[in-house]
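Colleague: Have a look at this fold, sequence not included:
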């Protein structure tokens with residue numbers, strides 16, 4: 001009786017695994033592939049647009065000089081709102097410039113990115129990131145390029161399906177008539193597709209489940225924050241921060257704001273500087289601190305120049321780690337490779353899974369319908 005119950009449970013999960021995989025493979029495969037490409041998005045962008053990364057060696061110019069060079073390349077009509085400094089030599093600096101509110105169409109403001117050679121300030125390229133290849137991959141992976149939150153919700157539910165597939169795959173992988181080590185054997189079946197499906201499933205199932213679970217949190221940002229903040233304090237989210245109009249006239253400039261922030265955080269390197277908005281009236285300076293993961297943020301009051309270091313709450317740190325685990329950033333090369341592979345394996349699972357299903361379906365068909373010769377009763 002117990003064996004019969006186990007067999008029914010296994011059949012149930014096999015059907016769930018099968019129909020989820022077949023029904024959603026056309027959605028899960030491109031989401032996974034786009035995620036793999038985004039693990040090394042800067043390197044991919046450099047491969048596609050080498051001119052943007054044709055930098056020279058030398059010490060980077062002050063941020064204000066880089067911003068002035070970007071303004072010359074843009075011409076009138078765009079206001080520089082942020083400058084990002086290269087994390088290491090060999091990469092460009094970038095300046096983000098925003099279209100004036102009176103000239104923009106309804107919706108998100110148009111933002112251009114100017115790529116600069118840090119030692120010379122020479123403009124290498126001007127592009128609208130949203131419409132670039134990497135921008136498209138980001139939008140597709142996050143929301144399938146569907147506006148508002150509906151596309152993000154679809155991706156979130158795809159993450160739920162991928163998590164179910166991962167966990168049910170572990171259950172179905174486990175040998176019924178043997179121990180754990182028996183399941184590691186290559187010969188789990190008569191065909192390469194079946195053995196490949198089992199082997200890939202074992203080695204990648206747990207990392208795939210982790211990436212899927214973190215993707216669910218990112219796919220449902222508001223419910224995710226509410227759930228996380230119920231167990232760990234989080235900084236209140238500022239809605240519409242991207243669309244907040246920047247200050248047109250400021251008391252400080254990029255260099256003085258950076259100097260004030262560096263005074264509040266010793267042994268730090270500049271990462272990015274953002275112009276104050278009319279709501280905050282404070283410069284947001286992001287710094288890289290040796291020996292720590294992620295970015296340290298310092299707010300610098302535009303009038304007084306007073307610097308205030310933002311200390312992330314425990315929930316904020318957990319949220320940062322969720323994103324890092326999902327996209328492979330700030331986690332080291334080993335996990336980056338694993339995240340890259342987890343984006344590739346859904347395609348392999350889809351191909352081998354369909355082959356297994358078709359083979360089993362064909363084996364259950366009557367001999368006549370399979371196109372096989374019928375044996376005469378006398379034979």
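Modeller: Okay, I see it. Only a predicted model underlies this, so the values are computations on that prediction, with no experimental measurement involved. Residues are numbered from 1 along each chain as shown.
Colleague: Only C-alpha atoms from now on, for both contacts and neighbour counts.
Modeller: OK.
Colleague: from the chain's centre, how far out does stretch 277-292 sit?
Modeller: Centroid separation between stretch 277-292 and its chain, computed with C-alpha atoms, centre = their mean, to the nearest Å, is 22 Å.
Colleague: correct me, but residue 44 touches residue 37?
Modeller: Yes: contact criterion C-alpha atoms under 8 Å: residue 44 and residue 37 qualify, at 7.4 Å.
Colleague: Just the residues contacting stretch 4-23, thanks.
Modeller: Stretch 4-23 is contacted by residues 161, 164, 165, 168, 169, 172, 350, 353, 354, 357 when judged by C-alpha atoms under 8 Å, 6 or more residues apart in numbering.
Colleague: So which of these wins on neighbours?
Modeller: residue 165 (25 neighbours; other C-alpha atoms under 10 Å).
Colleague: what's near enough to touch it?
Modeller: Listed by C-alpha under 8 Å, 6+ apart, the contact partners of residue 165 are 17, 20, 21.
Colleague: please redo it, this time with the cut-off set to 7 Å
Modeller: Counting by C-alpha atoms under 7 Å, 6 or more residues apart in numbering, residue 165 touches residue 17.
Colleague: how close does it get to residue 42?
Modeller: Going from residue 165 to residue 42 by C-alpha to C-alpha, to the nearest Å gives 31 Å.
Colleague: Please name the nearest non-neighbouring residue to residue 352.
Modeller: Of all residues not flanking residue 352 in the chain, residue 193 sits nearest, at 5.0 Å (C-alpha to C-alpha, 6 or more residues apart in numbering).
Colleague: How many neighbouring residues does that neighbour have?
Modeller: Neighbour count for residue 193, taken as other C-alpha under 10 Å: 18.
Colleague: the strands in the stretch 201-350 of the chain, which residues?
Modeller: Counting by DSSP state E, counting those that start in this stretch, the stretch 201-350 of the chain has strands at residues 268-274, 282-289, 296-301, 307-309.
Colleague: got the contact list for the shortest one?
Modeller: Right, the one you point to is strand 307-309. 260, 261, 264, 297, 298, 299, 300, 301.
Colleague: Residue 288 versus the second one, what's the distance?
Modeller: When you say that, I think you mean residue 261. Using C-alpha to C-alpha, we find residue 261 at a distance of 12 Å from residue 288.
Colleague: The two: who's more crowded?
Modeller: residue 261 (28 against 19).
Colleague: Tell me which residues touch that one, please.
Modeller: Counted by C-alpha under 7 Å, 6+ apart, residue 261 has contacts 285, 298, 300, 307.
Colleague: between these, which has the most around it?
Modeller: Neighbour counts for the contacts of residue 261 peak at residue 285, which has 29 neighbours (criterion: other C-alpha under 10 Å).
Colleague: Isn't it up against residue 274?
Modeller: Yes: Residue 285 lies in contact with residue 274 (C-alpha atoms under 7 Å); the separation is 6.3 Å.
Colleague: pLDDT of the strand or helix carrying the residue nearest to residue 352, averaged?
Modeller: Residue 193 belongs to helix 192-219 when assigned by DSSP states H and E. Helix 192-219 shows a mean pLDDT of 90.
Colleague: and what of stretch 35-54?
Modeller: For stretch 35-54, the mean pLDDT works out to 95.
Colleague: Which positions in that stretch come out as buried?
Modeller: 35, 36, 37, 38, 39, 40, 41, 45, 52, 53 (16 or more other C-alpha atoms under 10 Å).
Colleague: Do me a favour and get the end-to-end distance for it?
Modeller: With C-alpha to C-alpha as the measure, stretch 35-54 spans 26 Å from end to end.
Colleague: can you list the residues that contact that stretch?
Modeller: 91-92, 115, 124-125, 134, 141, 327-328, 336, 339-341, 343-344.
Colleague: Report the spatially nearest residue to residue 194, omitting neighbours in sequence.
Modeller: That would be residue 356: by C-alpha to C-alpha, 6+ apart, it lies 6.3 Å from residue 194.
Colleague: State the three-state secondary structure for that neighbour.
Modeller: helix (DSSP: H, G, I helix; E, B strand; the rest coil).
Colleague: residues near it, how many?
Modeller: A count of nearby residues for residue 356, using other C-alpha under 10 Å, gives 18.
Colleague: you'd agree it is up against residue 195?
Modeller: No: with contact defined as C-alpha under 7 Å, residue 356 does not count as touching residue 195 (10.1 Å).
Colleague: Show me the domain layout of the protein.
Modeller: Per automatic domain parsing, the domain ranges recorded for the chain read 2-40+137-235+331-367, 55-131, 245-311.
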